[in-house]
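Trainee: here is the input, now give the coordinates:
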Amino acid sequence: MMADSAIHKGLAGVVVDTTAISMVDQDTNSLTYRGYAVQELAASCTFEEVAYLIWHGDLPTAEQLGAFCAREQANRVLNRSTLELLRRIPETTHPMDVLRTAISYLGADDPAEDDGSVAANQAKAEVMMARLPTVIAADHRRRQGLDPIRPDPELGFAENFFHMCFGAVPEPEVVRCFEVSLILYAEHSFNASTFTARVVTSTMSDIYSAVTAAIGALKGPLHGGANEAVMHMLTEIGSADRAAEWLDRALAEKRKIMGFGHRVYKHGDSRVPTMHAALERMARIKDAGALMELYAALETAMDERKGIHPNLDYPAGPAYHLMGFDVPTFTPIFVMARITGWTAHILEQQAANSLIRPLSSYTGLAQRPVPVQAQRRAG
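Mentor: Predicted structure coming up:
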């Protein structure tokens, strides 16, 4: 590539392919899944319905949804070897590393791992959607010295996750707030982890390898790990009266303020109002007025100083905290939702595949002769 060619760091502004799965419209600041506004989906659909939509292109009929949910419920249980693997992973291992390892093992344990047909990969995607929550919940309890809880096939996707984590299902409004977060996190066009999955898929590797790579990308604090970083940040600040002073110091130190700004949304993340409303409901249920005052104070200070708006991770982090999840579980919850989007993109990439292989602009030394050995020894 010529040295004077245009460079797009981070592929900013580069359109690399087409997709029919979701659209982020920068002009209207909106997000749609298969043509439906995400806010409307979050208001009236279950996560299972949205997962079906993302994979199949249309919302399911009652019969289709019943069959889909039955498969999901039947696929939740981990076999003995997977549970043994989870027990042997060091307790200090980050939950995202546990997920990455678990997906690799699911692939190694699948006799049809190399079957890349559409039907096989759709079935594998459904299995991963069903089993990831079981892995996350088992690891959540393991960190607390507790045994895993077997999935309950009588419970829905979101309810069952609470059951497996805590041994009980909270009031319906809490479950609904959680489900809203899953819907909002489910898909987001060519984000870093999704693009990673598509790159791996473009090499004609298997679906487990693509998802494992996507988990690695999502772990980063500039992507999925931001919801964890938000809660650490709010804990560090401590109270609303310290927010402005803390922010001034952080900006002076050129620290990254987590939960604010977005590569695509320049006028505010369109998912935030819906998630913020869910956070407010959680705050009322848990009587968390002080946390909401801190949340608002930092948001105001950031707007006044930088004019930068929150992204989805800003309300999601404290919402998960109020639901009772420990901070290391936040990003794995993101994975629970995004597995639908990742695998939809994997299937879409396979359907019209072209190896993703960008160019680079070389800035190193010009070509030069290799010195003879005597000259190299002489230094």
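
Trainee: in which helix or strand would I find the residue nearest the centre of the chain?
Mentor: Centre of the chain computed as the mean C-alpha position; nearest residue by CA atoms, centre = their mean is Phe334, 3.6 Å away. Assessed by DSSP states H and E, Phe334 sits inside helix 330-351.

Trainee: other SSEs contacting that helix?
Mentor: Applying 3 or more CB pairs under 8 Å, 6 or more residues apart in numbering; DSSP states H and E, we find helix 330-351 packed against helix 47-56, helix 95-108, helix 118-142, helix 172-185, helix 192-202, helix 207-218, helix 226-237, helix 313-323. For the C-beta atoms, the positions are set from N, CA and C on the backbone; glycine is no exception.

Trainee: who touches the residue nearest to the centre of the chain in this structure?
Mentor: By CB atoms under 8 Å, 6 or more residues apart in numbering, the residues touching Phe334 are Tyr185, Leu218, Gly224, Asn227.

Trainee: with adjacent residues omitted, what lies nearest to the first one?
Mentor: If you skip the residues right next to it in sequence, Tyr185 has Ala337 as its closest partner in space, 3.8 Å away by CB to CB, 6 or more residues apart in numbering.

Trainee: next, count neighbours for the one you found.
Mentor: 21 (other CB atoms under 10 Å).

Trainee: heads up, I number from 227, so please use that
Mentor: With 227 as the first residue, the last one maps to Ala563.

Trainee: mean confidence for stretch 250-269?
Mentor: On average, the pLDDT along stretch 250-269 is 91.

Trainee: and it, what's buried?
Mentor: Buried residues in stretch 250-269, counted by 16 or more other CB atoms under 10 Å: Val250, Leu257, Thr258, Tyr259, Arg260, Tyr262, Val264, Gln265, Leu267, Ala268.

Trainee: state the distance from the first one to Ala523.
Mentor: Using CB to CB, to the nearest Å, Val250 is found at 29 Å from Ala523.

Trainee: picking that back up, quick one: the residue nearest to Tyr411 and Glu405 touch, right?
Mentor: No. Ala563 is not in contact with Glu405 according to CB atoms under 8 Å; the separation is 9.7 Å.

Trainee: which neighbours do the two have in common?
Mentor: Listed as contacting both Ala563 and Glu405 by CB under 8 Å, 6+ apart are Phe273.

Trainee: which strands and helices lie in contact with the helix or strand hosting Ala509?
Mentor: If you go by DSSP H and E, Ala509 is part of helix 498-512. Applying 3+ CB pairs under 8 Å, 6+ apart, we find helix 498-512 packed against helix 264-270, helix 398-411, helix 515-532, helix 539-549.

Trainee: would you turn those helices into TSV with distance to His234?
Mentor: Shown next, in TSV, are the helices and strands packed on helix 498-512 (distance: least, CB to CB, whole Å):
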stretch	distance to His234
helix 264-270	27
helix 398-411	27
helix 515-532	24
helix 539-549	25
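
Trainee: re earlier: after the helix holding Phe560 comes which helix or strand?
Mentor: helix 599-604.

Trainee: what's the offset of that next one from the middle of its chain?
Mentor: Using CA atoms, centre = their mean, to the nearest Å, the mean C-alpha position of helix 599-604 is found 53 Å from that of the whole chain.

Trainee: then stretch 335-351?
Mentor: On CA atoms, centre = their mean, the centre of stretch 335-351 falls 22 Å from the chain's centre.

Trainee: buried ones in that stretch, by neighbour count?
Mentor: Under the neighbour-count criterion of 16+ other CB under 10 Å, stretch 335-351 has Asp336, Glu339, Gly342, Ala346, Asn347, Gln348, Lys350, Ala351 buried.

Trainee: residues in contact with that stretch?
Mentor: The contact list for stretch 335-351 (CB under 8 Å, 6+ apart) reads 281, 305, 307-308, 333, 430, 432-434, 565-566, 569-570, 572-573, 576-577.

Trainee: quick one: buried ones out of those residues?
Mentor: 281, 308, 333, 432-434, 565-566, 569-570, 572-573, 576.

Trainee: which two in the residues you listed are spaced the farthest apart?
Mentor: Greatest spacing in the buried ones among the contacts of stretch 335-351, by CB to CB: Thr308 and Gln576 (26.1 Å).

Trainee: quick one: low-confidence parts of the chain?
Mentor: Scanning the chain for pLDDT under 70 picks out 227-230, 604-605.

Trainee: at 90 instead, please
Mentor: For the chain, applying pLDDT under 90 flags the ranges 227-241, 251-256, 317, 340, 446-452, 487-494, 597-605.

Trainee: with distance to Thr422 added, can I get the buried ones among the contacts of stretch 335-351 in TSV?
Mentor: TSV is the format used below for these (distance: CB to CB, whole Å):
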residue	distance to Thr422
Trp281	19
Thr308	24
Gly333	16
Asp432	15
Ile433	13
Tyr434	14
Ile565	14
Thr566	16
Thr569	13
Ala570	15
Ile572	11
Leu573	16
Gln576	15
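
Trainee: and which of those is nearest to Glu399?
Mentor: Using CB to CB, these come closest to Glu399 at Thr566, 23.7 Å.

Trainee: now the closest one: how far from Arg603?
Mentor: Distance, Thr566 to Arg603, by CB to CB: 60 Å.

Trainee: ok now do the residue nearest to Gly450 when sequence neighbours are not counted, which residues does it touch?
Mentor: In this structure, Gly450 finds its nearest non-sequential neighbour in Leu444, 3.6 Å apart by CB to CB, 6+ apart. Neighbour list for Leu444: Met322, Ala418, Ser419, Gly450, Gly451, Thr557, Phe560, Val561, Arg564 [criterion: CB under 8 Å, 6+ apart].

Trainee: export only the CA atoms of stretch 578-593, formatted as CSV.
Mentor: Output in CSV follows, covering the C-alpha atoms of stretch 578-593 (Å, rounded to 0.1, in the frame of the first residue of the first chain):
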residue,chain,number,x,y,z
ALA,A,578,-21.9,-14.4,1.5
ASN,A,579,-18.3,-14.9,2.6
SER,A,580,-15.2,-13.0,1.5
LEU,A,581,-11.9,-13.2,3.5
ILE,A,582,-11.5,-10.0,5.5
ARG,A,583,-8.0,-8.9,4.8
PRO,A,584,-7.3,-5.1,5.0
LEU,A,585,-4.1,-3.4,3.9
SER,A,586,-1.7,-1.4,5.9
SER,A,587,0.6,1.6,5.2
TYR,A,588,4.2,0.7,6.0
THR,A,589,6.2,3.3,8.0
GLY,A,590,9.3,1.3,8.8
LEU,A,591,12.8,1.4,7.3
ALA,A,592,13.3,1.2,3.5
GLN,A,593,14.5,-2.1,2.1
